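**Q** Sequence plus the predicted model coming up.
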Amino acid sequence: MSAARKTDADRLLDAAELLRKKNAELIDHKRTINQLRRDNDTAEKIRQEIYGLAAHTMDPPAWISGKGVRNGERGGPVTIWSDFHYGEVINPDEVGGVNKYDRRIAKTRVTRLVDTTIDLCFNHMGRSKVAYPGIVICLGGDMIGGDIHEELLATNDRTPHQSVHDLVDLIGAGLETVASKFGRVFVPCVVGNHGRSSKRPRMKQRVYTNYDWSIYCSLERDFRKDTRIKFMIPSESDARFTVYGHRYLLTHGDSLGVKGGDGIIGALGPIMRGSLKVSRSESQIGNDYDTLIIGHWHQYITLPGLICNNSLKGYDEYARLMLRAPYSRPSQALWFTHPEHGITAHWQVYLEGLRTANQDKTWVGWHAQH
């Protein structure tokens, strides 16, 4: 029936139907909002009642704002510790003999990570007596291997609960050592996908149903009386903070809105597409940032606006057999944020030596032309 031929009764019925649909949508929105509020209330109660912490973590400490820092100084070191996959076992026979991993090796690598980070910052940045305002250590998720796949359940040398217990002590000791050297430590934290307590990834209640979140809250509880170490544990999967005005967005990297890769450029394609998608979606809601920090992809990549971390566990069976990815030494990313120049020096903190030692110790060599 055309609009011109509709009677007043027809128009009244149309208006009533439209109103019914709008009311149904409103009820659905309210139900969603109430569910989200219940989820947040539950997370807050867990922090308060189980961990004895405030419902929400405090704002980032004032020292990372850069106030009072001279532009000629080195700036502040920032690093990310992620993809430990603690509890997982890598059999060297299944990766061509280039890597081995278990809980004993994980502990050795964490110790080397802490010691090498300190060495690079204080002994390889020019002056013998360099001073820093503190250090930012991002905990980027996938701290445990978890039992999310059947093969992990069959081969892990630690259960998720045992891994959580071990890592609270292991990471805690590392933070204590770093704090004793740098004076102040800021620790923003996000969860990964391997620490989830469900077989399939979940979007609702994603954070506080994750074992990574339990590790972070336990660490925050252990250091709650230590004024040197401050944690930022958001109730969502992203953490936003600034260092000397440089805006960072930390997320694990599994939720970039992309999948896959190919045998030529590997994960670089999806990582760049995902980085653009995250930048666009965050900008639309007023969460612009300068640099995205991610893990998950087990590759060290630095590009304008992006820092992708490698893994502690190193080359594994999936990388070798499923992806045919090139070998990569286990490492973690370290860089410096300057108050005037932004991000400056980049380092890979290597956790193992070269697979084959270089026999030629000559500084520079060349082949004579005939």
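**A** Yep, it's here.
**Q** who touches Gly172 in this structure?
**A** With contact taken as C-beta atoms under 8 Å, 6 or more residues apart in numbering, Gly172 is in contact with Leu219, Asp222, Phe223. To be clear about C-beta, it is placed using only N, CA and C from the backbone, and glycine gets the same treatment.
**Q** Kindly recompute the last result at 7 Å.
**A** The contact partners of Gly172, by C-beta atoms under 7 Å, 6 or more residues apart in numbering, come to Leu219, Asp222.
**Q** buried ones in the one helix or strand it maps to?
**A** Taking DSSP states H and E as the definition, one finds Gly172 inside helix 160-182. Burial within helix 160-182, assessed by neighbour count using 16 or more other C-beta atoms under 10 Å, is assigned to 160, 163-164, 166-168, 170-172, 174-176, 178-179, 182.
**Q** The closest residue to Asn210 other than its chain neighbours - how many residues pack around it?
**A** In space, not counting the residues next to it along the chain, Asn210 is nearest to Val191; the distance is 4.0 Å by C-beta to C-beta, 6 or more residues apart in numbering. Val191 is flanked by 30 other residues according to other C-beta atoms under 10 Å.
**Q** quick one: low-confidence parts of the stretch 151-300 of the chain?
**A** Low-confidence segments of the stretch 151-300 of the chain, defined by pLDDT under 70, span residues 260-266.
**Q** Run through the strands of it in chain order.
**A** Shown for the stretch 151-300 of the chain, the strands assigned by DSSP state E, counting those that start in this stretch span residues 185-188, 229-232, 238-243, 246-251, 291-294.
**Q** And the ones you listed: which comes nearest Val98?
**A** Taking C-beta to C-beta as the criterion, Val98 comes closest to strand 291-294 out of the strands of the stretch 151-300 of the chain, the separation being 24.5 Å.
**Q** Run through the neighbouring helices and strands of that closest one.
**A** Contact partners of strand 291-294 among helices and strands, from 3 or more C-beta pairs under 7 Å, 6 or more residues apart in numbering; DSSP states H and E: strand 246-251, strand 306-308.
**Q** coming back round to it: including distance to Thr111, could the strands of the stretch 151-300 of the chain go into JSON lines?
**A** Rendered in JSON lines, the data for the strands of the stretch 151-300 of the chain read as follows (distance: least, C-beta to C-beta, whole Å):
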{"stretch": "strand 185-188", "distance to Thr111": "17"}
{"stretch": "strand 229-232", "distance to Thr111": "18"}
{"stretch": "strand 238-243", "distance to Thr111": "26"}
{"stretch": "strand 246-251", "distance to Thr111": "24"}
{"stretch": "strand 291-294", "distance to Thr111": "23"}
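**Q** most tightly surrounded among those?
**A** Across the strands of the stretch 151-300 of the chain, the average number of neighbours (mean count of other C-beta atoms under 10 Å) peaks for strand 291-294, which reaches a mean of 26.
**Q** CA-only coordinates of that strand, as CSV, when you get a sec.
**A** Listed in CSV are the C-alpha atoms of strand 291-294, where the atom choice follows Å, rounded to 0.1, in the frame of the first residue of the first chain:
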residue,chain,number,x,y,z
THR,A,291,53.1,3.1,18.9
LEU,A,292,51.4,-0.3,19.1
ILE,A,293,53.2,-2.9,21.3
ILE,A,294,52.3,-6.6,20.7
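**Q** partners of that strand, with directions?
**A** strand 246-251 (parallel), strand 306-308 (parallel) (DSSP bridges).
**Q** following that strand, which helix or strand shows up next?
**A** Using DSSP H and E, the helix or strand that follows strand 291-294 in sequence is strand 301-303.
**Q** could you say what helices and strands that next one packs with?
**A** If contacts are counted by 3+ C-beta pairs under 7 Å, 6+ apart, strand 301-303 sits against no helix or strand.
**Q** Next, the buried residues of that strand.
**A** For strand 301-303, the buried set under the neighbour-count rule, 16+ other C-beta under 10 Å, comprises Ile301.
**Q** sorry, back to before: turn the helices and strands packed on strand 291-294 into CSV, columns for distance to Gln284.
**A** Converted to CSV, those look like this (distance: least, C-beta to C-beta, whole Å):
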stretch, distance to Gln284
strand 246-251, 14
strand 306-308, 19
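**Q** Met272 is nearest to which of these?
**A** Distances from Met272 to each of the helices and strands packed on strand 291-294 were compared using C-beta to C-beta; the shortest belongs to strand 306-308, at 7.6 Å.
**Q** Brilliant, that's me finished.
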